[in-house]
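In: For reference, the sequence and a predicted model appear below.
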Amino acid sequence: MTTILGLSGSLRRASYNSGLLRAAVELAPDGVTVQIGSIHEVPLYDADKEAESGLPPAVKTLQDQLAAADALLLVTPEYNNGVPGVFKNAIDWMSRGPGLEIFVGKPVAVIGASPGGFGTVLAQDHWLPVLRTLRTRPWVEGRLLVSRAGPLFNDDGNLVDETTREQLFAFLTGFSEAL
């Protein structure tokens, strides 16, 4: 069984990206489990607090989940043409302490949904220097940019568009076969 840790970079309840991640859980190919991790409880990074108290429990949980996973799926919104600060903050925390070693060599894929016409192309591209610094193995053979996401999701943020669901399944299949 292959396990992919999935993280959504949005905190919004009916987030398109969280909905895309939930759909990934449903659509994972046979032999693949997508486990959802949460960045909701990760505090803003503060080196003084880290020195005083060590890693916060939410960060330790994410590190444990990543260490146990075969791969990482980042489901990223795009804010002001870039990576959301809250998402980058969570990854920064996760790389602290023993965390950097957990990222080294880990296969990572990036997808995202946006109400705009370009999907999350700039945010996905902005992740590449971070993933390179963490010495991950970014999977770039496939790409999923969900543009004009509003009508593709219901009011609860669940992906209901069948074409997008098929694209997500194909993406997950390609990613899992590359592991």
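Out: The structure has been received and is ready for your questions. Numbers count the residues shown, from 1 in each chain.

In: Kindly list the main-chain dihedrals of the spatially most central residue of the chain?
Out: By Cα atoms, centre = their mean, the chain has its centre lying nearest to Leu74, at 1.7 Å. Leu74 has phi and psi values of phi -100, psi 120 when expressed as degrees, to the nearest 10.

In: three-state assignment of the nearest residue to Asp155 once chain neighbours are set aside?
Out: Spatial nearest neighbour of Asp155, chain neighbours left out: Ala14 (6.7 Å); criterion: Cβ to Cβ, 6 or more residues apart in numbering. Where C-beta positions appear, they are placed from N, C-alpha and C, glycine not excepted. Assigned with DSSP: H, G, I helix; E, B strand; the rest coil, Ala14 falls in the coil class.

In: Please apply the same query to the one 4 residues further on.
Out: When states are read from three-state DSSP, the local structure at Ser18 comes out as helix.

In: Hmm, Leu7 and it touching each other?
Out: No: taking contacts as Cβ atoms under 8 Å, Ser18 lies outside contact range of Leu7: 9.9 Å.

In: which residues are common contacts for these two?
Out: Applying Cβ atoms under 8 Å, 6 or more residues apart in numbering, one finds that Ser18 and Leu7 are jointly contacted by Val75.

In: Just the element for the residue located most distally from the centre of the chain, please.
Out: In the chain, Glu52 marks the outermost C-alpha relative to the chain mean, sitting 28.9 Å out by Cα atoms, centre = their mean. Assessed by DSSP states H and E, Glu52 sits inside helix 47-53.

In: Buried residues, that helix. List them.
Out: For helix 47-53, the buried set under the neighbour-count rule, 16 or more other Cβ atoms under 10 Å, comprises Glu50.

In: change the start of the numbering to 860 and stick with it
Out: Right, with 860 as the first residue, what we last looked at is helix 906-912.

In: Can you tell me, leaving aside adjacent residues, what's nearest to Asn1017?
Out: Among residues not flanking Asn1017 along the chain, Gly878 sits closest, at 5.0 Å (Cβ to Cβ, 6+ apart).

In: go on, Ala882?
Out: The spatial neighbour of Ala882 that comes closest, neighbours along the chain excluded (Cβ to Cβ, 6+ apart), is Leu1018 at 4.0 Å.
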